[in-house]
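Student: Requesting a structural model of the entry that follows:
(2 chains)
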Protein chains: 2
Amino acid sequence: MIHRLCIVGVGLIGGSLARALRAAGRVEEIVGTSRNGAHLQRAEELGVIDRYDTDIASAVQGADLVFVSVPLGAMRAVFQALKDSLADDAVLTDAGSVKASVVEDARAVFGAVPGNFVPGHPIAGTEKSGVEASFAELYQDRRVILTPVEETRPQAVATVRAMWEAAGARVTEMPVDHHDEVLAATSHLPHALAFTLVESLARLSDQREIFEYAAGGFRDFTRIASSDPVMWRDICLANRGPLLAAIAHFTGDLAELAELINDADGERLLEFFETAKRARDAFAG
Amino acid sequence: MIHRLCIVGVGLIGGSLARALRAAGRVEEIVGTSRNGAHLQRAEELGVIDRYDTDIASAVQGADLVFVSVPLGAMRAVFQALKDSLADDAVLTDAGSVKASVVEDARAVFGAVPGNFVPGHPIAGTEKSGVEASFAELYQDRRVILTPVEETRPQAVATVRAMWEAAGARVTEMPVDHHDEVLAATSHLPHALAFTLVESLARLSDQREIFEYAAGGFRDFTRIASSDPVMWRDICLANRGPLLAAIAHFTGDLAELAELINDADGERLLEFFETAKRARDAFAG
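Tutor: Here you go, the predicted structure:
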């Protein structure tokens, strides 16, 4: 049982975790904090949190578990703000989509990565954001990746694992760098492509007409371009290396496809599309 | 009222049109044809068509409206097969996703584009294919683009327009080349990107693991990579010029995004994502 959970940044991710743990009867008290009082008030009104405090330092006092779900660019400032009031035995975890940068932030602020800090990433979310969009089932059967480092205490990992499992998630562990490469390929690159496609079409002079003739496939394909721009700016900056590598890799493969089209090589085009369809169907299956 | 509608290629597109016109009470008899007897038998069993004939030439005899919904690569052979038995006053239309190539096929087979041929394209479909996937509501409120050429008789255009409106679609007209450019941007390019992304990930050695950590956004983004590979091979070959131009344009914009990431230019990254989000949200409106 978590006695006092402090959630820093009560949006879709933090709010959904609060709802899930509450529904599972795994938490006694939930305190929300962030620098935005209006958001916190809304979270309290919705019953997502029990109370709130816009002062992060005082909000984390007495919490046995602190969950940080803020954009990556705000992570270091949050660590700085909570550093001196975090209880020695409190477990600290986060929901950042990039792990190397968060570990670096922790190291910079605390001097070394604290043994009770468990870097984590729930692979869940929608293109919506904000506490209004949160719901208790968001993590049901979804993956959560924990990336403990050398300094991380096994007992802290166990606590965070139990928290996520109580929320319905399936928890796995992997090294920080591997996480960042996998996510660059499966999430950050697709978002970069969707944003670029929409940006590209929006720039064309007859954009209104162009969007008018876009069909269902386009709608699905570009849904992720509705995601929060601040969050994605931060992800691009925080996962620069792996994301640039993924973009370069993709650009090469796209050039290969363009060459097949240019050569009117029907046989290899068919092969290309068949391989992709097989992989996609196996994945969706 | 259509007395006898002949559908060449009774899959998702042809089957859904048959169901819609039947539901609207706008057709007396529907004859299916293609070279695949098994598919046609299934369509008859499902009640989508009244009867079928695997000989295209005899199937079109006596039809007042002939609708060709086959992959673009089969279009010319179909025109060749039906050429000599098509009634003089029969109206011929198609559902090809590229219009310049179909007009060229018609010109090559008939010597000139027949006055009763109306090139058309319903902007509808799912990633599924086959008559089993067909349904009467597929065209409800969807766009159908007709691209009549100089030779096309206005009366033939009116007939095809009335057919699509009876199926629930909103019909617009535009020049052939403009259609092909718009569709390259809104449909062919996104499909090329989705196929390339999945193909790219499938090639990586740890592909199973990679797909395992892909979340909902990836699922949406790559759904269109489950589309029929033959159809997409044909589209790539038929719309080569406009599609290569769209890929080149996109590659340039992606390189621009990569540069912003590489420069860690947070301000312009935010702008980029905000523009895209605004455009996507306005489109999804």
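
Student: Nearest the geometric middle of chain A, what residue?
Tutor: Relative to the mean C-alpha position of chain A, the nearest C-alpha, by CA atoms, centre = their mean, is the one of residue A:97, at 3.8 Å.

Student: Now it: which helix or strand?
Tutor: Residue A:97 belongs to no helix or strand when assigned by DSSP states H and E.

Student: Likewise for residue A:92?
Tutor: strand A:91-94.

Student: and that strand, what does it pack onto?
Tutor: In terms of contacts (3 or more CB pairs under 8 Å, 6 or more residues apart in numbering or on different chains; DSSP states H and E), strand A:91-94 is packed against strand A:65-68, strand A:117-118, helix A:154-166. For every residue, glycine as well, the C-beta is placed using N, CA and C.

Student: Strand partners (parallel or antiparallel) of the shortest one?
Tutor: Partner strands for strand A:117-118, per DSSP bridges, with pairing direction: strand A:91-94 (parallel).

Student: roughly how far is the strand it pairs with from the heart of the chain?
Tutor: 15 Å (CA atoms, centre = their mean, to the nearest Å).

Student: Tell me the helix or strand right after the strand holding residue A:92.
Tutor: helix A:100-110.

Student: Next, the buried residues of that following helix.
Tutor: A:100, A:101, A:102, A:103, A:104, A:105, A:106, A:107, A:109, A:110 (16 or more other CB atoms under 10 Å in any protein chain shown).

Student: Packing partners of that helix?
Tutor: By 3+ CB pairs under 8 Å, 6+ apart, helix A:100-110 packs against helix A:75-82, helix A:176-183, helix A:229-238.

Student: still on that earlier bit, contacts only, for the residue nearest to the centre of chain A.
Tutor: Going by CB atoms under 8 Å, 6 or more residues apart in numbering or on different chains, residue A:97 touches A:72, A:121, A:183, A:187, A:188, A:231, A:235, A:238, A:239.

Student: cool, residue A:9 as well?
Tutor: A:34, A:68, A:69, A:70, A:71, A:74, A:78.

Student: Return the backbone torsion pair for residue A:277.
Tutor: The phi/psi pair for residue A:277 (degrees, to the nearest 10) reads phi -60, psi -40.

Student: Hmm, it is touching residue B:231, no?
Tutor: No: using CB atoms under 8 Å, residue A:277 makes no contact with residue B:231, being 10.8 Å away.

Student: Surely residue A:212 is in contact with residue B:143?
Tutor: Yes: if you go by CB under 8 Å, residue A:212 and residue B:143 touch, sitting 7.3 Å apart.

Student: and the two? which has more neighbours close in?
Tutor: A direct count of neighbours by other CB atoms under 10 Å in any protein chain shown for residue A:212 and residue B:143 places residue B:143 higher, at 18 against 14.

Student: Is the more buried one in contact with residue B:168, as I believe?
Tutor: No: counting by CB under 8 Å, residue B:143 sits too far from residue B:168 to count as a contact (11.3 Å).

Student: any common contacting residues for these two?
Tutor: Contacts common to residue B:143 and residue B:168, judged by CB under 8 Å, 6+ apart, are absent.
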